[in-house]
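> below: sequence and its predicted model.
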Amino acid sequence: MSSRSPDTTVDSTGDQEETPAPRRGGFTHGPVGKHLVRLGAFMAMGSVTMNIAQLAEAVYLGIVGTEALAAMGFAFPLTITLFAFAGGIGTGASSVIARAAGAGDQQTTRQLVTHAQLLAVVVGVLLAFLGGAFAEPIVESLGAEGLVLEMTVAYLQVYMLGVPFFLLSIVGSTMLRATGAAASPGIIMTASSVLQIMLGPVLIFGWFGVPEMGVAGAALAYVLSRVASVGLYLVLLVRAKMFYWSVDNLIGSWKSILHVGGPAILSGLIHPISMLFVTRLLAGHGHEVVAGYNVATRVETMAHMILWSASSSAEPFIGQNWGARQIERVRQAQTIVYRFCLAWGAVTFVFMSLFGAYFVSLIDDNAIVGVVARGFFLVIPLTIGMMGVMQVASSSFNARGMPMPPLIMTLVRIFVLYIPLCYLGDQLWGYMGIFIATGIVNIVMGAVAWYWNRGSVHERRLPLP
């Protein structure tokens, strides 16, 4: 096994002369499908439970009123912006950590794990301050008014307090997977989501003598669940001796993480721009349409989370095997996950077209909300499989230390296709035109992503670390 310095390992472009031996307990040996199923099953458990918690939150707020649901719709573009930073840092950390682990460099792995968490704390505190300071003018610019505006701001002011813990929980999950832990991230996500479900009604409605907080209570339940998950991640990382109690080469580690994480953050930030634009278009049709879109999106996300789990699980597997120079295992993993995405997309379309509207009615029985949701389910789930293909391709690029293709695809998707087609669709067919435009973009970009990623892997016989 070759020995490499921390600086050399985190350089995503350097070739190595030797092929490292497989690391015991990692993903560089054993059946490819078995690893992917184990990774994907636990991640699916965690992500689905997390989405059930979000649906439960929507049910609780549906009892409060349609205005509360609309407030969640207006808050979503801001909360997804925060997720862009968490996901980007997590992607960058996962890429460099998985490749270092696959190459058998434990010292660098421990160093990167520690420094990634420090980066998450610094970025999280900064975002919490900025989010709390500018929440109201941002939401007002989206078109929220009156009681809906007040509820949205109340939710975000509490939510921002938990942003550092939110970033740490996302980064902690990706780091555990990158170092070879398949089960624990999903288990922790499940436990924290169950906690959120339990705390939600207590804080929202004021049960057991707790003051009634309304939408702010929903935000506090989420924050407390993130605090709990961070504590569990830290315990596991300490017990696995994955901390490097030094700031030596801290800037070098951050640069290596942000080599992949920076473009990933930018890609994540571009998505909220499109959501802000679409939310503004939908607001022109009334708050009920925004609420209907928000509720339908939450229901559809149940299915989307499975695809996200598949792409997220493929990332550490691909990263470790790329670092170990086992390109055939990378190819096998991509083929398996692509096929799964397409199959899951077909199942999602059938299920959502038959039962999606029923689940929406359980959350909000407003007639307009129901009509909007039914239109959504006739279009979006049909193309969700191709959306998953694009996610898998992007994860593969990032895992191999190639962040620019995903960024380019995101730029093309949003600015060349999505925003212009959504505007055109809205002008021609109203909010249904927005849904149709989204479906077209999913199909086109899924095909482009598959072709580009396939060529980038198959053009070499040996991978670069």
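Sure thing, it's come through.

> in this protein, where is pLDDT below threshold?
For the chain, residues meeting the criterion pLDDT under 70 lie at 1-25, 182, 363-364, 459-465.

> most centrally placed residue in the protein?
residue 87 (5.8 Å; Cα atoms, centre = their mean).

> next helix or strand past the helix or strand where that residue lies?
In this structure, residue 87 sits in helix 66-102 according to DSSP states H and E. Per DSSP H and E, helix 66-102 leads on to helix 106-141 as the next helix or strand towards the C-terminus.

> just the helices in the stretch 351-465 of the chain please.
367-379, 384-399, 404-411, 419-429, 431-458 (DSSP state H, counting those that start in this stretch).

> return the most buried member of those helices.
helix 384-399 (a mean of 26; mean count of other Cβ atoms under 10 Å). For the C-beta atoms, the positions are set from N, CA and C on the backbone; glycine is no exception.

> export that helix to CSV, keeping only CA atoms.
The C-alpha trace of helix 384-399 is given here as CSV (Å, rounded to 0.1, in the frame of the first residue of the first chain):
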residue,chain,number,x,y,z
ILE,A,384,-39.0,11.7,-11.9
GLY,A,385,-36.9,8.8,-13.1
MET,A,386,-34.9,11.0,-15.4
MET,A,387,-34.4,13.5,-12.7
GLY,A,388,-32.9,10.7,-10.6
VAL,A,389,-30.5,9.8,-13.5
MET,A,390,-29.2,13.4,-13.5
GLN,A,391,-28.7,13.2,-9.8
VAL,A,392,-26.7,10.0,-10.0
ALA,A,393,-24.6,11.4,-12.8
SER,A,394,-23.8,14.5,-10.8
SER,A,395,-23.0,12.5,-7.7
SER,A,396,-20.6,10.4,-9.8
PHE,A,397,-18.8,13.4,-11.1
ASN,A,398,-18.5,14.9,-7.7
ALA,A,399,-17.3,11.6,-6.1
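
> how far does it sit from its chain's centre?
Distance of helix 384-399 from the chain centroid (Cα atoms, centre = their mean, to the nearest Å) equals 12 Å.

> OK, contacts around the closest residue to residue 429 other than its chain neighbours?
In space, not counting the residues next to it along the chain, residue 429 is nearest to residue 436; the distance is 6.9 Å by Cβ to Cβ, 6 or more residues apart in numbering. Contact analysis of residue 436 by Cβ atoms under 8 Å, 6 or more residues apart in numbering lists 379, 425, 429.

> with distance to residue 55 added, can I get the residues you listed in JSON lines?
As requested, the contacts of residue 436 are arranged in JSON lines below (distance: Cβ to Cβ, whole Å):
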{"residue": "379", "distance to residue 55": "21"}
{"residue": "425", "distance to residue 55": "27"}
{"residue": "429", "distance to residue 55": "28"}
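
> next, the buried residues of the helix or strand where residue 349 lies.
For residue 349, the element it lies in under DSSP H and E is helix 327-363. Across helix 327-363, burial judged by 16 or more other Cβ atoms under 10 Å covers 327, 329-334, 336-338, 340-341, 344-345, 348-349, 352, 356-357, 359-360, 363.

> any idea how many residues pack against residue 169?
26 (other Cβ atoms under 10 Å).

> what's the closest non-adjacent residue to it?
Using Cβ to Cβ, 6+ apart, the closest residue to residue 169 is residue 229 (4.4 Å).
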